[in-house]
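Visitor: below are the sequence and a predicted model; questions follow.
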Amino acid sequence: MYNFDEIINRNGTNSVKWDSVTKKYNRNDLLPMWVADMDFKIAPEIADAVIERAKHMTYGYTFPGTEYINSIIRWNKKRHNFDVKKEWISVSPGVIPAIKAAIYGFSDVNDKILILTPVYTPFHNSVKEANRELITSSLIFDGEKYNIDFDDFEQKIKYGVKLFIMSNPHNPIGRVWSKEELSKIADICFNNNVVVLSDEIHSDIIYKNKKHTVFNTVSENARNISIVCQAPSKTFNIAGLCTSHIIIESEKVRKQMQKSMSSIGIELVNIFGIVACEAAYTYGEQWVDEMVEYVEGNADFVCKYIKEKLPLVKTYKPESTYLMWLDFRLYNLKQEELMEKLVNEGKVVLNSGTDYGTEGVGFIRLNIGCPRSIVKECIDRIEKAFNKK
Ligand SMILES: Cc1ncc(COP(=O)(O)O)c(C=O)c1O
C-alpha cells in the first residue's frame, strides 16, 4: 500500500505548480490547485532506477534502448490491449512538442486544424502560434456529461481541415471517449483525408467501470490516419523528466511525422526520462492502480461536499484524469470576478474555464491529484468565500 495522504512540501523546488504561484502573486498564503501535476511521491521503483542510473556518472547522448521500447509494448498490451510493433514508436521530449511537429508536418500556413472545445489550452495556442486557422467544435454539455456534436464536427471536418487534435480522454472535462464515438470520428476523418492526433497522455488514469480505447485500435480507418501520443508523465507524476512516445501504425503517416519531428529537433531523449519510463511501465502497475483509486475517492469527496455545502456550484464526477470541472455560472460573476474572488477571498489558485475555450465561461478546473486533506482545505476555502454572509 502506498501512502497518498502524505503531505510533501514542494515549495522551494522551482515547482511550476507551487513556486510560480508564490512568485506571480508575491504572497505565500495561496493554495495551488491548478497545473496538471500531482503532489504525491512517485513510485519508489522509479526513483531507484533513476538514482541507479545517475550513479554511473556518464550522462551523454542516449538512444531509446530495447528494454525501454519493450516496456512500452508490454504496457500497451496489458493495460490497453493494444498490440504495438517496435517500429511504430518514436520518442519525444513531450506530447506538446509532438503536437507542434504534427501541426508543421501535416498542414501549411493558414490551413484549418480542428479541436473539440473546451480543451487543454496548448491545443489552441500551438495551432495559432503556427499561423494555422483554428476551427473549434463545441462539445455539448447536458449538465452531467459532455458529448460530441457530430453534425457540427462532420460539417467542419469537410471544409478543408487537415488535422484533428483530440484529447482522449478529454482534459478538462474528464470524458473517456467510447469505441463508438472514436469509430465515428475515424470514419469522418478518414473519408475527408484528415489526420487525427489522439493525445492519450491521461489514458492510464481511468476510473472504475470505464475503459480507455486507444484511437488506433477502433478500426482500419483509424489505423490509417492516427498519431497516438502517450507518456508516463501524468500517470506517474514525472512530467519534469520530459519524456513521451508517439505511436503511429501507418508507415506513410509515421514517415511524415518523423520528418517533421526531426526538422524541429525533437528526436533526442532524456536519459533519466527513459529510465524512469521503463521502470514505471515495468514496476508501476500497483502504484497506478492505488493512485487512481485514491484520486477517484477525491472526486467522490468533492462531489459530495459540493452537493451538501455549495449547492450553487454544479459539478459531476469525471470518468478519468485528476481534474474536475466546476460550474459557477449560477453566481453570475464575470470570469475575472470569479477568478479574483477565488484568489483574494478563497486564497486558492485554479485554472479559469476560459483558458479552455469560450465554452468555459463560468467554469473552473480543479486539480485533485493531491492528498485528500489538501483537497478538503481547498474546498473549505472556496466554501468560506462563496457562502460568506
Ligand atoms: C491533454 C494534455 N496533453 C499534453 C499535456 C502536456 O504534455 P507534455 O508535458 O508531455 O508536453 C498535458 C498536460 O497537462 C495535457 O493535459
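Guide: Yep, that arrived. Worth saying up front: this structure is predicted, and the values here are computed from it rather than measured.
Visitor: residue contacts, the closest residue to the ligand within the stretch 51-200 of the chain?
Guide: Residue of the stretch 51-200 of the chain nearest the ligand, by C-beta to the nearest ligand atom: Gly94 (2.8 Å). From N, CA and C alone the C-beta is placed, and that goes for glycine too. For Gly94, the contacting residues are Ala231, Ser233, Cys242, Thr243, Ser244, by C-beta atoms under 8 Å, 6 or more residues apart in numbering.
Visitor: output the below-cut-off pLDDT ranges for this protein.
Guide: Within the chain, the stretches with pLDDT under 70 are 389.
Visitor: interface residues of it facing the ligand?
Guide: Counting by C-beta under 6 Å from any ligand atom, the residues of the chain lying close to the ligand are 36, 94-96, 120, 167, 171, 199, 201, 231, 233, 239, 244.
Visitor: adding distance to Asn14, write the residues you listed out as CSV.
Guide: CSV is the format used below for the residues of the chain next to the ligand (distance: C-beta to C-beta, whole Å):
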residue, distance to Asn14
Ala36, 17
Gly94, 18
Val95, 22
Ile96, 19
Tyr120, 23
Ser167, 27
Asn171, 24
Asp199, 26
Ile201, 22
Ala231, 21
Ser233, 17
Ala239, 13
Ser244, 21
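Visitor: among those, which pair sits farthest apart?
Guide: Ser167 and Ala239 (15.9 Å; C-beta to C-beta).
Visitor: ok, which stretches of this structure are helices?
Guide: Remark: helices assigned in the chain by DSSP state H are 19-25, 44-55, 66-80, 95-106, 121-129, 150-158, 179-191, 220-225, 233-236, 251-263, 271-283, 285-309, 335-344, 372-386.
Visitor: which of Ser167 and Ala239 has more residues huddled nearby?
Guide: Ser167 (25 against 20; other C-beta atoms under 10 Å).
Visitor: show me the contacts for the more buried one.
Guide: Counted by C-beta under 8 Å, 6+ apart, Ser167 has contacts Leu116, Val119, Tyr120, Phe123, Asp199, His202.
Visitor: CA atoms only: put stretch 72-83 into CSV for me.
Guide: Provided in CSV are the C-alpha atoms of stretch 72-83 (Å, rounded to 0.1, in the frame of the first residue of the first chain):
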residue,chain,number,x,y,z
ILE,A,72,6.0,0.5,-23.8
ILE,A,73,4.9,-2.5,-25.9
ARG,A,74,4.1,-4.6,-22.8
TRP,A,75,2.3,-1.8,-21.1
ASN,A,76,0.1,-1.2,-24.1
LYS,A,77,-0.8,-4.9,-24.4
LYS,A,78,-1.5,-5.3,-20.7
ARG,A,79,-3.3,-2.1,-19.9
HIS,A,80,-5.0,-1.2,-23.2
ASN,A,81,-5.0,-4.5,-25.3
PHE,A,82,-3.1,-2.6,-27.9
ASP,A,83,-0.5,-4.6,-29.9
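Visitor: could you pull out the buried residues of that stretch?
Guide: For stretch 72-83, burial by neighbour count (16 or more other C-beta atoms under 10 Å) applies to Ile72, Ile73, Trp75, Asn76, Arg79, His80, Phe82.
Visitor: next: stretch 48-55.
Guide: Judged by neighbour count (16+ other C-beta under 10 Å), stretch 48-55 contains these buried residues: Ala49, Val50, Arg53.
Visitor: try stretch 92-106
Guide: 92-106.
Visitor: ok so, going back, farthest-apart pair in the contacts of Gly94, please.
Guide: Ala231 and Cys242 (9.3 Å).
Visitor: compare the two (neighbour count), which wins?
Guide: Ala231 (28 against 16).
Visitor: for that one, which non-adjacent residue is closest in space?
Guide: Spatial nearest neighbour of Ala231, excluding adjacent residues (C-beta to C-beta, 6 or more residues apart in numbering): Ser244 at 3.5 Å.
Visitor: which residues pair with the one you found across the strands?
Guide: Ser92 (DSSP bridges).
Visitor: count the neighbours of Thr217 for me.
Guide: Burial of Thr217 is recorded as 18 neighbouring residues (other C-beta under 10 Å).
Visitor: can you pull the contacts of the nearest residue to it once chain neighbours are set aside?
Guide: In this structure, Thr217 finds its nearest non-sequential neighbour in Phe82, 5.5 Å apart by C-beta to C-beta, 6+ apart. Residues in contact with Phe82 (C-beta under 8 Å, 6+ apart) are Asn76, Val214, Asn216, Thr217.
Visitor: next: Glu296.
Guide: Neighbouring residues of Glu296 by C-beta under 8 Å, 6+ apart: Tyr207, Lys208.
Visitor: Asn110 touches Ala130, doesn't it?
Guide: No. With contact defined as C-beta atoms under 8 Å, Asn110 does not reach Ala130; the gap is 10.2 Å.
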